[in-house]
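Undergrad: Provided below are the primary sequence and the corresponding predicted coordinates.
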Amino acid sequence: MEKIQLKNINKQMKRKDILQNINLDIHGSLGLLGPNGAGKTTLMKIITTLIQPDSGTIQSENLNWENTKEVRKNIGYLPQHFSMYKNITVRECLNHLGNLKGISMHNRSKDILTTAENVNLIDVLDTKIKNLSGGMLRRVGIAQAILGNPKLLIVDEPTVGLDIEERVRFRRLLRKLGRDRHIIISTHIVEDIETTCDSICILKDGKVLQTGSKSDLLDLVRGKVVEDMVDLNDTYLESLRLISTREAGNQYKIRYFSDSVNQNNIVEPALEDAYLYLMKEEDTNDRR
Amino acid sequence: MIYRIYQSTIFTSKLALRTWLFPIFFICLNSYIIYTFYIYRFQTFSPPSALTTSSYFVIFGMLAYLLFGMWIIRVEKSTSMSDLTLLIDNGYLFGFLSKVLVGIITILTSQIILMASYIAIFYGHPITDVPYYLAVFKYITVFWSISFFISFLLGMLLASVIKGKSVYPVLLLVFCFLIPINHVFLESANRVLNFDLDSWLNLGEPNPYSVYHAFYGFSIDYFHWMKKLLFLSIIFLLFIFLFIKKKIIHLGKPTYIVLLLFVIVFSFSAIEITKKNQILVNDPTRIIDYYRNNEQALLMDDQAIRLDDFDIFLKPNAHLEADVTFTITNEGREELNSLHFALFHELKISELHSNGIALNYVQDGDFVTVELNNAIESGEKIDISMHYEGLKTNLYFGNNQAIYLPHYFPWLPSTNLKPAFDLVTDQKGLHRIKPSYQEETNYRLTINYDKKVYTNLNKQAEGTWSGKSSSGLSVISGMLNENSQENYQWIYPVTWEQSVEDFSTFETYFRMFYNTITNSLDLNIEKPNRVFFIPNLNISDTLNGESVWVNGSDLILGTPIYIEPDQDYFDIFQAELTYELVPALTTNKLNTDMDDYEFQALFNIVFAKVINKQMNINDDTDTLKFFISEKLTVDQDVNTVVKELKDFLSKKEAEDANHPLYQEWLHLIESKKSWDELYALIKQFNNREVSPNGKDPA
Ligand SMILES: Nc1ncnc2c1ncn2[C@@H]1O[C@H](COP(=O)(O)OP(=O)(O)OP(=O)(O)O)[C@@H](O)[C@H]1O
Ligand SMILES: [Mg+2]
């Protein structure tokens, strides 16, 4: 599928700006990173056509988003708070949605099986939804989204509430699914997209702070991340832009942003550093 | 597409079945009504009441389906389903249609179960008439199933439009407005609007407090179907607008076509409803109120005209339409510039002309005045043609359910310049004033009707009759059965099948009655050979002598509508029957003045009591006592008569129906004498004083 371009998307709700002038290219896998209330879900719903932007356009090479009917045919969506009728089995659920999607009876059972295999649901196909664990339910959500093989998969915070192991498995799954389609994943956890996404968009307060590849983001903070060993009662700590502190024997290992060029303790930045850096930048900008 | 909807329907049904609550409710509801059937079969036998007294069932059913409709939308709102289906091309729409289908299937299943149970419980016990069961089916369809379906859709609609818990109060409000007893909530609204809002909104049995009208049948009139259609089309239109707004369906050719379709259905039903429709109405006092408020004075002079050669074309559809042509002859000496005749006020004339020239006319109460363009000379004849329609009452009908246009009711123009009804006696009871036909009149009648039509004319061909009558024309049809006994042909409502067993009791009784009365009063009356045994009285008319009528060889044996005769009917009510039959054979055929009623009724009641005794019929009615104490308008004249009469009746000789007093009394009535003469007559017999066995009056 070709690149999808979002241009000057604006959205207000109840007289509040939710999204402001969003410009974004979607190609391959995109991670949508941002704190709570940043507007991730809203943006995703706009891309799914569930809600209409107040202004702005979305377009791929041969498809305009005005044509919701066509667009919808190409979209698989996992809503942020995925839930399902409690009293049906996974198979019934997938069968129902597959039916509504217009997958013929003949192909449907095969489709359901491959999808279930894909997302590791084979064992629970005949379990009722109410008896599933949170991770399994999320898989059902993914399964219904990729049923019918849509070209654009939109998953809203797929890993929230999952334990660490499940989260890792989920990331692997998402990476696999992103191989032959566009995929947009929203999260406020940097690690979720570190390994799964080709490009990343950082969103805050309805504005795009940065887009680009992982290395583009890392370049932002390269040479600015410093690690030091300190005593906790050191008074100058207050003035530092801290990233993290970790206990190390009697002392603490701190990681912070520094603009002064102090070659010794500069370390290789991580994506998380870039994210935090942008957040803090934005906060100080706001304060000014 | 159909397959997708079908699969989705199966899915939704599963969902509903797994709630347990709805299946249990469904079973309870249906069991309840089947139990009601059972009660009306084995405890109080009344097959129609099993349906018409089902208000509770309808109320609970409507509530259940409102909630069901709400649930079927809400169940999705707690899941991601609505978002997901919205994203699927037509997914939401198909999901919606499948939900509607689940509702339809549930309701249809219920309908089939109930209809089957009804047939199983009542068929052949003793009713076997297919038209009756067809009417039952229609009743269940229009007042139960469609009402449930409308509730179901409203539940869906409200749940789609209103978010959160505030849907419940709205649901309750809608429920209160639509249930059969909604006038409890809407009474004041009715008063403010001056319009029966309640009966308009009520989706259930239209007359929840009235009894089944065995002659008219269930009130499954055309109007009610149209009303339901109107409701349905409005709801579906609202859904379509909602879907367009939510971009669930897109404006395009298919949408426009569906929209157009519903707009057509909407307009059609709306137009049909606003047309004149004759429906069975539950307001027994309406006619009484009318005559109470319109005391019609006789402002017109009797004219020496004769009406003859009636050519009548009846179209009893949604309401009665009649095209009537007749000849008026000026039998007086003077020329006439205008004509007066009587016609019941609820029959509205819309056209009146003579030989193609329209004439001006005024309909004032039960009278019509026609202004003639050219005066008619003495002896001259003109033809008058008129078109009239209307009829909206439960005392006589003319629509596709039933026709009851009896000879004693002025549904045809007549020269009798009296209102159709009068309020008589102290209690202001409803009294019918028979139109007068002094001479034999020719009639031709044409009706297209899907049921057998009974008249006192001779059948010429399918749908046409002609003949002469000097006592008026009766046209009767409906869900009636025929039964030929020894000497009589009986016509009676199909639900009265049980009473057939007792027809012979009546025949035995009537033979005796006929002989007794003709002998003792020296009457020369044709003996009827056809009996119409039908409910023809309203709940509010309770006067003696209003229910039984004789028209040539036809005997109309009427009852109040609340009576459901069974196999003991004539055994039990013989004594009462006499009180109705006496006036039918004596005073009802007289062309009398309005204020003669009490004078005549006193004779009828006294004489009925006497011949009951003569026939050895156990008469434990208090009719005479009651009439004197409650109904008779007492003044000086009347008082003296009553005193004198009491004296007479206490004598042994008074028990003899052949006593000359009775014959002479009837002659007094026939020659329009009054209380004075009656007093003199009774006094004369009292003074004679010699009773056959020589005893003194006690
Ligand atoms: N229907 C609505 N009406 C008014 N405001 C809304 C509505 N939906 C969302 N918002 C607001 O828009 C902002 C962005 O919401 P959104 O759900 O898009 O954020 P998010 O990035 O997905 O957050 P989270 O990580 O918590 O899911 C929030 O401030 C939210 O309060
Ligand atoms: Mg969100």
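TA: Cool, the structure landed. Numbers count the residues shown, from 1 in each chain, chains lettered A, B, ... in the order given. Ligands and ions are numbered 1, 2, ... in the order given.
Undergrad: and the chain, what are its domain boundaries?
TA: Picking chain A for this. Following automatic domain parsing, chain A resolves into domains at A:4-218, A:222-287.
Undergrad: nope, chain B
TA: Annotated domains of chain B cover B:2-165, B:304-477, B:479-698 [automatic domain parsing].
Undergrad: nearest to A:K101, out of the ones you listed?
TA: domain B:2-165 (5.1 Å; Cβ to Cβ). Where C-beta positions appear, they are placed from N, C-alpha and C, glycine not excepted.
Undergrad: tabulate the domains of chain B in a markdown table, adding columns for distance to B:Y291, mean pLDDT and mean neighbour count.
TA: Shown next, in a markdown table, are the domains of chain B (distance: least, Cβ to Cβ, whole Å; pLDDT from 0 to 100; neighbours: other Cβ atoms under 10 Å in any protein chain shown):
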| stretch | distance to B:Y291 | mean pLDDT | mean neighbour count |
| --- | --- | --- | --- |
| domain B:2-165 | 29 | 91 | 19 |
| domain B:304-477 | 5 | 89 | 18 |
| domain B:479-698 | 11 | 87 | 18 |
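Undergrad: show me the contacts for B:S151.
TA: Contact analysis of B:S151 by Cβ atoms under 8 Å, 6 or more residues apart in numbering or on different chains lists B:61-63, B:65-66, B:69, B:175, B:178, B:203.
Undergrad: quick check: of the residues you listed, which lies closest to ligand 2?
TA: Checking the contacts of B:S151 against ligand 2 by Cβ to the ion gives B:G69 as the nearest, at 31.9 Å.
Undergrad: can I get the helix or strand hosting that closest one in PDB? Just the C-alpha atoms.
TA: With secondary structure defined by DSSP states H and E, B:G69 is part of helix B:55-77. The C-alpha trace of helix B:55-77 is given here as PDB (Å, rounded to 0.1, in the frame of the first residue of the first chain):
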ATOM      1  CA  SER B  55     -54.900  -5.800  28.600                       C
ATOM      2  CA  TYR B  56     -52.400  -7.000  31.200                       C
ATOM      3  CA  PHE B  57     -50.800  -9.200  28.700                       C
ATOM      4  CA  VAL B  58     -50.500  -6.400  26.300                       C
ATOM      5  CA  ILE B  59     -49.100  -4.000  29.000                       C
ATOM      6  CA  PHE B  60     -46.500  -6.500  30.200                       C
ATOM      7  CA  GLY B  61     -45.700  -7.600  26.700                       C
ATOM      8  CA  MET B  62     -45.200  -4.000  25.500                       C
ATOM      9  CA  LEU B  63     -42.900  -3.300  28.500                       C
ATOM     10  CA  ALA B  64     -41.000  -6.500  27.800                       C
ATOM     11  CA  TYR B  65     -40.500  -5.700  24.200                       C
ATOM     12  CA  LEU B  66     -39.500  -2.100  24.900                       C
ATOM     13  CA  LEU B  67     -36.800  -3.400  27.200                       C
ATOM     14  CA  PHE B  68     -35.800  -6.100  24.700                       C
ATOM     15  CA  GLY B  69     -35.400  -3.500  22.000                       C
ATOM     16  CA  MET B  70     -33.400  -1.400  24.300                       C
ATOM     17  CA  TRP B  71     -31.200  -4.300  25.400                       C
ATOM     18  CA  ILE B  72     -30.500  -5.400  21.800                       C
ATOM     19  CA  ILE B  73     -29.000  -2.000  21.100                       C
ATOM     20  CA  ARG B  74     -27.400  -1.500  24.500                       C
ATOM     21  CA  VAL B  75     -25.700  -4.900  24.700                       C
ATOM     22  CA  GLU B  76     -23.500  -3.600  22.000                       C
ATOM     23  CA  LYS B  77     -22.800  -0.300  23.500                       C
END
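Undergrad: is chain A within reach of the helix or strand following that helix?
TA: For helix B:55-77, the following helix or strand on the C-terminal side (DSSP H and E) is helix B:81-87. Yes - Helix B:81-87 lies within reach of chain A by Cβ under 8 Å from any Cβ of the partner chain, at B:81, B:83-87.
Undergrad: mind picking the two most distant members of those?
TA: B:M81 and B:L87 (10.8 Å).
Undergrad: returning to what we had before: tell me what the helix holding B:G69 is packed against?
TA: Helices and strands touching helix B:55-77, by 3 or more Cβ pairs under 8 Å, 6 or more residues apart in numbering or on different chains; DSSP states H and E, are helix B:2-17, helix B:21-42, helix B:91-122, helix B:146-161, helix B:167-178.
Undergrad: recalculate using a threshold of 10 Å.
TA: Counting contacts by 3 or more Cβ pairs under 10 Å, 6 or more residues apart in numbering or on different chains; DSSP states H and E, helix B:55-77 is packed against helix B:2-17, helix B:21-42, helix B:81-87, helix B:91-122, helix B:146-161, helix B:167-178.
Undergrad: which residues touch the residue of the stretch 501-650 of chain B found nearest chain A?
TA: Proximity of the stretch 501-650 of chain B to chain A (Cβ to the nearest Cβ) peaks at B:E564, 48.8 Å away. Residues near B:E564 by Cβ atoms under 10 Å, 6 or more residues apart in numbering or on different chains: B:44-49, B:211-212, B:214, B:493, B:495-496, B:498-499, B:535.
Undergrad: again, 6 Å this time
TA: Neighbouring residues of B:E564 by Cβ atoms under 6 Å, 6 or more residues apart in numbering or on different chains: B:S46.
Undergrad: which SSE is the spatially most central residue of chain A in?
TA: Centroid-nearest residue in chain A: A:S186, 1.9 Å away (criterion: Cα atoms, centre = their mean). Per DSSP H and E: A:S186 is located in strand A:182-187.
Undergrad: following element in sequence after that strand, please.
TA: The helix or strand immediately downstream of strand A:182-187 is helix A:190-194, counting by DSSP H and E.
Undergrad: what helices or strands is that following helix leaning on?
TA: Here helix A:190-194 touches helix A:271-287, going by 3 or more Cβ pairs under 6 Å, 6 or more residues apart in numbering or on different chains; DSSP states H and E.
Undergrad: can you list the buried residues in the helix it packs on?
TA: By neighbour count on 16 or more other Cβ atoms under 10 Å in any protein chain shown, the buried set for helix A:271-287 is A:271-279, A:281-282.
Undergrad: re earlier: contact partners of the helix holding B:G69?
TA: Residues outside helix B:55-77 that contact it (Cβ under 6 Å, 6+ apart) are B:22, B:25, B:29, B:33, B:82, B:99, B:148, B:151-152, B:155-156, B:159-160, B:171, B:175, B:179-180, B:204, B:208.
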